[in-house]
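Take a look and give me a structure for this.
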Amino acid sequence: MKKGFTLWFTGLSGAGKSTLADLLQVKLSGRGLAVERLDGDSFRKAMGSDLGYTRKERDLNIRRACYVAKLLTRNGVIVLASFISPYQEMRAYCRQEIKPFLEIYVKCPLDTLIRRDPHGLYKKALAGEIPHFTGISDPYEEPLNPEIVVETNKEDIPQSMAKIIAWLEEHGYLEKVAPPQVDPKIKEHLQALGYIE
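The predicted structure follows:
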């Protein structure tokens with residue numbers, strides 16, 4: 001059986017955690033790997049609908065997610081978990097429980113997120129309409145030593161994806177995949193049209 005691992009995407013709301021994890025799931029599934037997604041929003045609906053957003057309740061939600069990720073990981077599944085998980089203590093707990101656990105910090109400045117705000121959540125939080133909103137009325141503790149940092153205000157999604165996959169390949173979590181070979185005649189044609197050098 002292939003060895004499982006958990007990639008834990010952490011970062012502020014809207015930073016790109018779910019987008020990256022969703023695309024990575026497609027990419028890894030395309031390699032024939034067993035992959036499962038644990039998304040903060042859908043997980044909370046299914047497993048944490050009894051919880052609010054106090055620190056104690058957030059911690060319990062992460063403990064539940066950690067337990068599921070641990071079971072999947074030890075059974076050879078690659079787990080892509082995207083949770084704000086704002087507290088260093090709980091991320092450290094997950095690292096202790098799940099082997100191997102790889103933390104990906106999806107970093108993006110608060111002012112950029114407030115500007116983007118596709119769902120209007122920051123606007124509501126700033127107006128006091130959403131209590132306990134991470135980054136506004138609740139803290140976010142930046143990771144101390146994440147394995148991977150992607151900066152979604154400086155990189156586009158394909159660049160961030162390439163960085164994650166390259167790290168996983170370099171560190172032996174994924175087999176290196178050779179770039180696809182282009183038929184020489186097609187290559188000549190593309191060069192003649194100026195698409196490639």
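
Please make it C-alpha for all contacts and neighbour counts, starting now.
Noted.

hey, what's Phe101 bridged with?
Thr6 (DSSP bridges).

how about low-confidence regions in the protein?
1-2, 178-183, 189, 195-197 (pLDDT under 70).

all helices for it, in order.
Ranges of helices within the chain are 17-29, 40-47, 55-74, 88-97, 110-116, 121-126, 157-170, 184-192, based on DSSP state H.

Nearest to Ser137, out of the ones you listed?
helix 121-126 (7.6 Å; C-alpha to C-alpha).

so how far is that closest one from its chain's centroid?
23 Å (C-alpha atoms, centre = their mean, to the nearest Å).

Stretch 8-24 too?
Counting by C-alpha atoms, centre = their mean, stretch 8-24 comes out at 4 Å from the chain centroid.

what's the span of it from first residue to last?
End-to-end distance for stretch 8-24: 12 Å, by C-alpha to C-alpha, to the nearest Å.

Now it: buried residues?
8-18, 20-22, 24 (16 or more other C-alpha atoms under 10 Å).

wait, isn't Tyr122 in contact with Ile114?
Yes. Between Tyr122 and Ile114 there is a contact under C-alpha atoms under 8 Å: 5.7 Å.
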